[in-house]
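Novice: when you get a sec, could you give me coordinates for this:
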Amino acid sequence: MDKKHKTLGEFIIENQSSFQYSSGELSKLINAIRLAAKVVNHEVNKAGLIDILGAAGDTNIQGEDQQKLDVLANEKFIQTLKNREIVCGIASEEEDDFISINSQDEQHQNKYIVLIDPLDGSSNIDVNVSVGTIFSIYRRVTPVGTPVTIEDFLQPGDNQVAAGYIVYGTSTMLVYTTGDGVNGFTLNPAIGTFYLSHPNMQFPETGKIYSVNEGNYIHFPQGVKDYIKYCQQEEGDRPYTSRYIGSLVSDFHRNMIKGGIYMYPKSSKASEGKLRLLYECNPMAFLAEQANGKASDGKGRIMELKPTELHQRVPFFCGSTKMVEKAEEFIANALK
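Specialist: Got it, this is the predicted structure:
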């Protein structure tokens with residue numbers, strides 16, 4: 001079969017042996033995420049036709065207004081993962097605490113936990129801009145046969161066994177890694193099948209796009225301000241182009257294809273940064289490093305950070321390696 005016409009299911013089966021735990025459980029888990037993604041994609045695509053736009057009237061653990069689609073996506077992913085009886089625990093950006101899941105025999109025999117941001121960028125839904133789902137998969141560290149604990153979720157990003165995202169845009173794509181490169185699959189909505197469309201995705205070593213909310217410029221640390229000015233200077237291949245969608249999945253996806261850097265630094269308004277380490281930064285960092293890119297908190301590797309709480313926030317710089325290194329350089333120089 002032509003590699004370009006390979007389905008996600010066929011790709012998972014063919015590449016199972018490249019995964020160090022080739023028991024088939026991870027394949028079932030990716031398949032469960034694929035199924036939930038198709039359900040959420042269906043709801044996103046009819047968002048303007050039925051009453052699922054706008055705020056749900058609640059706030060999540062982050063203190064953010066929940067959109068109706070946030071709630072729906074959260075329910076669909078949790079329900080699908082529970083029904084498949086593959087995971088022993090789930091943590092969601094939309095839930096206050098993690099969810100412990102019994103397997104059918106009530107013995108907690110499953111080995112994997114999933115952390116998920118069910119609908120990243122959901123504030124863009126009302127204006128028909130791309131949104132996404134981010135997921136991160138770990139093997140539990142507590143003994144199999146016992147209920148999961150917070151220890152299973154507070155693992156450094158280096159322990160991830162898989163991570164990925166779904167972008168719901170002009171086309172719907174599922175992009176993921178199991179530590180052996182990054183591959184992208186595009187949904188054919190006519191038959192509901194994901195096909196391999198972007199094999200072996202790679203960040204260009206450098207790029208010409210910087211993605212940051214410049215409306216917060218006045219609140220940024222001096223090193224970040226200096227780097228933004230560097231991006232805007234007319235010299236060599238600069239000035240760079242500013243592109244910011246406000247949906248991490250969409251900004252990351254564009255920069256991986258075209259070359260660029262995404263930044264969400266700490267600020268005087270958000271002293272620890274705004275993005276969540278476990279649901280957003282770690283999975284995107286894993287994808288970036290597997291795609292020849294780099295992910296940093298401005299000082300060092302994101303995936304070396306030891307999480308201390310479920311909804312921990314950190315500064316985030318991610319993208320083409322040379323651009324991230326240059327940003328780190330400006331940040332370090334400003335602290336001297």
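
Novice: what about the residue nearest the centre of the chain, which SS state?
Specialist: The central residue of the chain, meaning the one whose C-alpha is nearest the mean C-alpha position (C-alpha atoms, centre = their mean), is residue 134 at 3.5 Å. Under the three-state scheme (DSSP: H, G, I helix; E, B strand; the rest coil), the conformation of residue 134 reads as strand.

Novice: and what of residue 175?
Specialist: strand.

Novice: equivalent analysis for the one 5 residues further on, please.
Specialist: Residue 180 falls in the coil class when you classify it by three-state DSSP.

Novice: do I have it right that the residue nearest to the centre of the chain meets residue 119?
Specialist: No - contact status for residue 134 versus residue 119: not in contact, 9.5 Å apart, counting by C-beta atoms under 8 Å. Heads up, the C-betas are built off the backbone N, CA and C, glycines and all.

Novice: domain boundaries for the chain, per the record?
Specialist: For the chain, the domain assignment from automatic domain parsing gives the residue ranges 3-198, 209-334.

Novice: could you tell me the least trusted of these?
Specialist: Lowest mean pLDDT of these: domain 3-198, a mean of 83.

Novice: my guess is residue 315 contacts residue 273. True?
Specialist: Yes - when contacts are counted by C-beta under 8 Å, residue 315 is listed as touching residue 273 (3.9 Å).

Novice: so the two - more neighbours on which side?
Specialist: Each of residue 315 and residue 273 has its neighbours counted (other C-beta atoms under 10 Å); residue 315 has more, 24 against 19.

Novice: quick one: contacts for that one?
Specialist: Going by C-beta atoms under 8 Å, 6 or more residues apart in numbering, residue 315 touches 264-266, 272-273, 297-298.

Novice: could you redo the last one with a cut-off of 7 Å?
Specialist: Contacts for residue 315 were tallied using C-beta atoms under 7 Å, 6 or more residues apart in numbering; they are 264-266, 273, 297-298.

Novice: same question, residue 87
Specialist: For residue 87, the residues meeting the contact criterion (C-beta under 7 Å, 6+ apart) are 29, 81, 101, 110, 112-114.

Novice: kindly report the same for residue 239.
Specialist: Under the criterion of C-beta under 7 Å, 6+ apart, the neighbours of residue 239 are 231-233.

Novice: which residue ranges of the stretch 101-250 of the chain form strands?
Specialist: Along the stretch 101-250 of the chain, counting by DSSP state E, counting those that start in this stretch, strands occupy 112-120, 131-139, 162-168, 172-177, 183-188, 193-198, 209-211, 241-242.

Novice: export the ones you listed to a markdown table and tack on distance to residue 309?
Specialist: Listed next are the strands of the stretch 101-250 of the chain as a markdown table, based on distance: least, C-beta to C-beta, whole Å:
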| stretch | distance to residue 309 |
| --- | --- |
| strand 112-120 | 13 |
| strand 131-139 | 16 |
| strand 162-168 | 20 |
| strand 172-177 | 26 |
| strand 183-188 | 32 |
| strand 193-198 | 34 |
| strand 209-211 | 27 |
| strand 241-242 | 33 |
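
Novice: closest to residue 11 out of the ones you listed?
Specialist: For the strands of the stretch 101-250 of the chain, proximity to residue 11 was assessed by C-beta to C-beta; strand 193-198 is nearest, at 5.6 Å.

Novice: what's the angle between the closest one and strand 172-177?
Specialist: Angle, strand 193-198 to strand 172-177, by axes from the mean of the first three to the mean of the last three C-alpha atoms, to 10 degrees: 60 degrees.

Novice: what residues of strand 193-198 count as buried?
Specialist: By neighbour count, and taking 16 or more other C-beta atoms under 10 Å as the criterion, the buried residues in strand 193-198 are 194-198.

Novice: so what pairs up with residue 116 in the strands?
Specialist: Counting by DSSP bridges, residue 116 is bridged to residue 92, residue 135.

Novice: so it sits against residue 95, correct?
Specialist: No - taking C-beta atoms under 7 Å as the contact criterion, residue 116 and residue 95 are not neighbours in contact, 9.5 Å apart.

Novice: the two - which one has more neighbours?
Specialist: Residue environment comparison for residue 116 versus residue 95 gives the larger neighbour count to residue 116, 27 against 17, counting by other C-beta under 10 Å.

Novice: mutual contacts of residue 315 and residue 273, please.
Specialist: Common neighbours of residue 315 and residue 273 are listed as 264-266 (criterion: C-beta under 7 Å, 6+ apart).

Novice: helices of the stretch 1-150 of the chain, start to end?
Specialist: Along the stretch 1-150 of the chain, counting by DSSP state H, counting those that start in this stretch, helices occupy 8-14, 25-45, 68-83, 150-153.

Novice: list the buried residues for the longest one?
Specialist: Neighbour counts using 16+ other C-beta under 10 Å place 25-41, 43-44 of helix 25-45 among the buried residues.

Novice: residues in contact with the residue lying closest to residue 94 once chain neighbours are set aside?
Specialist: Residue nearest to residue 94 in three dimensions, not counting chain neighbours: residue 74, with 4.3 Å by C-beta to C-beta, 6 or more residues apart in numbering. With contact set as C-beta under 7 Å, 6+ apart, residue 74 has these partners: 92, 94, 118.
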